[in-house]
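Visitor: Quick one: sequence and predicted model below, then my questions.
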Amino acid sequence: MTFELSERVQTVPPSGIRRFFEIAEERDDVISLGVGEPDFATPWAARDAAITSLEQGKTSYTANRGTRELREAISEYVADRFGLGYGPDEEILVTAGASEAVDLAFRAFVDPGDTVAIAQPSYISYEPGVIFAGGETLPVPTTEADDFRLTVDALEDAGAGDADMLVLCYPNNPTGAIMTEADLEPVAEFAREHDLTVLSDEIYAELTYDVDESHSSARKTESSAGNEHVSIASFDGMRERTIVFNGFSKAHAMTGLRLGYALGPAKAVNAMNKIHQYTMLSAPTTAQHAALEALESCENEVREMVDQYDRRRQFVLSRFREIGMDVFEAKGAFYCFPEVPAGFTAEEFAEAVLREQGVAVVPGDVFGEGGDGHLRVSYATGLEELREALARIEAFVDEHA
Ligand code: PMP
């Protein structure tokens with residue numbers, strides 16, 4: 001038979017939100033709060049650097065690991081911003097989006113039969129990535145009662161101590177939860193105690209809110225400054241067991257340029273590069289030029305976007321509360337995660353509010369355990385549209401709930 005699908009491909013179900021796109025196409029007035037990408041254009045200086053590189057004919061492959069200049073800039077940036085020490089030679093790999101880095105890590109470190117614990121709800125790509133690599137997943141549910149932070153109790157209840165690897169995503173997609181230094185410490189201890197490899201997806205690291213003003217522009221090096229992002233790799237004994245993923249899609253509004261990176265000990269990054277050099281060769285060259293400029297000169301634009309997300313975040317949270325929907329105080333990324341009113345499942349609510357009011361949100365179940373009964377609402381959309389979308393949700397709730 002031709003094209004007999006591999007078991008791994010058959011095992012992964014189609015994306016749970018596809019149906020919603022089909023419904024959305026039936027109306028022409030849909031406001032989408034469903035997507036996880038910035039509505040901002042890439043900062044101009046970064047676009048300009050990409051254009052200039054094209055004009056100069058810089059259209060060849062780069063080194064497999066990414067250009068030396070970009071790796072040096074990343075090395076300085078993560079040191080300066082998050083107190084992380086990764087050298088440009090063998091500890092940084094530039095990839096086609098953080099997505100490629102995540103996939104490489106699963107392929108480099110997961111053997112058939114290995115178990116990968118995943119703190120959930122979380123980004124939808126981890127589970128398929130583990131399955132494509134031949135591993136098994138172990139969901140570790142987080143709860144609203146814990147502000148969707150990962151706790152050692154949750155790890156123990158799920159039996160994560162017996163897993164081989166642990167995937168974390170903070171600031172979190174879809175809940176908007178963050179983990180402070182105090183929250184992370186016991187998780188780091190658990191990982192050390194049980195000898196877990198940790199994959200930490202920190203792509204939303206720049207997007208945290210309610211940051212202690214006295215530290216807001218500070219370059220964190222010592223301790224958690226309010227809600228400033230803290231990497232689990234910065235704890236004692238964690239650097240040697242952690243891969244950090246980051247990229248330019250979110251903070252620098254560069255989703256379409258497809259550029260991310262992995263940070264880790266040389267042994268791990270070299271293993272990932274082994275796959276990358278055969279399957280990708282090098283990350284997009286034009287995007288690497290844009291990214292270098294983004295790190296060198298676009299900090300103000302990033303701060304401005306973060307301010308705007310914060311204003312939207314506060315607006316959306318307060319509107320959900322006015323509407324009478326419970327919503328947890330999201331402190332990071334660009335999502336909030338309200339509870340659906342009684343009488344609805346998340347999927348029923350999401351489908352009905354889309355059909356009747358033309359507002360697209362994503363049911364929380366899609367993101368794994370702990371997500372049921374919630375909606376992921378992205379506020380990476382302008383305030384005017386958010387205002388209209390929330391008015392429509394209010395009309396829907398007034399009518400049905
Ligand atoms: N990780 C998380 C948590 C995300 O939300 C996303 C994008 N939605 C990605 C990774 C993928 O990012 P990239 O565009 O860099 O591949």
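Guide: Yep, that arrived. Numbers count the residues shown, from 1 in each chain.

Visitor: What parts of the stretch 201-350 of the chain come near the ligand?
Guide: By C-beta under 6 Å from any ligand atom, the residues of the stretch 201-350 of the chain that approach the ligand are D201, I203, G247, S249, T255, G260. C-beta: built from backbone N, CA, C; applies to glycine.

Visitor: Reformat these as JSON lines; add secondary structure, neighbour count and pLDDT.
Guide: Compiled in JSON lines, those are given as follows (DSSP: H, G, I helix; E, B strand; the rest coil; neighbours: other C-beta atoms under 10 Å; pLDDT from 0 to 100):
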{"residue": "D201", "secondary structure": "strand", "neighbour count": "28", "pLDDT": "98"}
{"residue": "I203", "secondary structure": "coil", "neighbour count": "26", "pLDDT": "98"}
{"residue": "G247", "secondary structure": "strand", "neighbour count": "29", "pLDDT": "98"}
{"residue": "S249", "secondary structure": "coil", "neighbour count": "23", "pLDDT": "98"}
{"residue": "T255", "secondary structure": "helix", "neighbour count": "17", "pLDDT": "97"}
{"residue": "G260", "secondary structure": "strand", "neighbour count": "26", "pLDDT": "98"}
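
Visitor: what number of residues lie near the residue of the stretch 51-200 of the chain found nearest the ligand?
Guide: The ligand sits closest to G97 of the stretch 51-200 of the chain, with a gap of 2.5 Å, by C-beta to the nearest ligand atom. G97 has 24 neighbouring residues, counting by other C-beta atoms under 10 Å.

Visitor: OK, contacts around it?
Guide: G247, S249, R258, L259, G260 (C-beta atoms under 8 Å, 6 or more residues apart in numbering).

Visitor: Helix or strand for the nearest residue to the fourth one once chain neighbours are set aside, just tell me which one.
Guide: Nearest residue to L259 in three dimensions, chain neighbours excluded: A287, at 4.2 Å (C-beta to C-beta, 6 or more residues apart in numbering). Taking DSSP states H and E as the criterion, the element that holds A287 is helix 285-297.

Visitor: Can you name every helix or strand that the helix or strand just after that helix contacts?
Guide: Next along the chain after helix 285-297, taking DSSP H and E as the criterion, comes helix 299-323. Helix 299-323 sits against strand 335-336, helix 383-400, with contacts defined as 3 or more C-beta pairs under 8 Å, 6 or more residues apart in numbering; DSSP states H and E.

Visitor: Break down the stretch 101-250 of the chain into its helices, ranges please.
Guide: In the stretch 101-250 of the chain, the segments counted as helices under DSSP state H, counting those that start in this stretch are 126-132, 152-158, 181-193.

Visitor: isn't the residue nearest to L259 right up against T255?
Guide: No. With contacts counted by C-beta atoms under 8 Å, A287 stays clear of T255, the gap being 10.7 Å.

Visitor: Could you list every helix and strand in contact with the helix holding A287?
Guide: helix 44-55, helix 68-82.

Visitor: Tell me the buried residues in the first one?
Guide: Residues of helix 44-55 classed as buried by neighbour count (16 or more other C-beta atoms under 10 Å): A45, A46, R47, A49, A50, S53.
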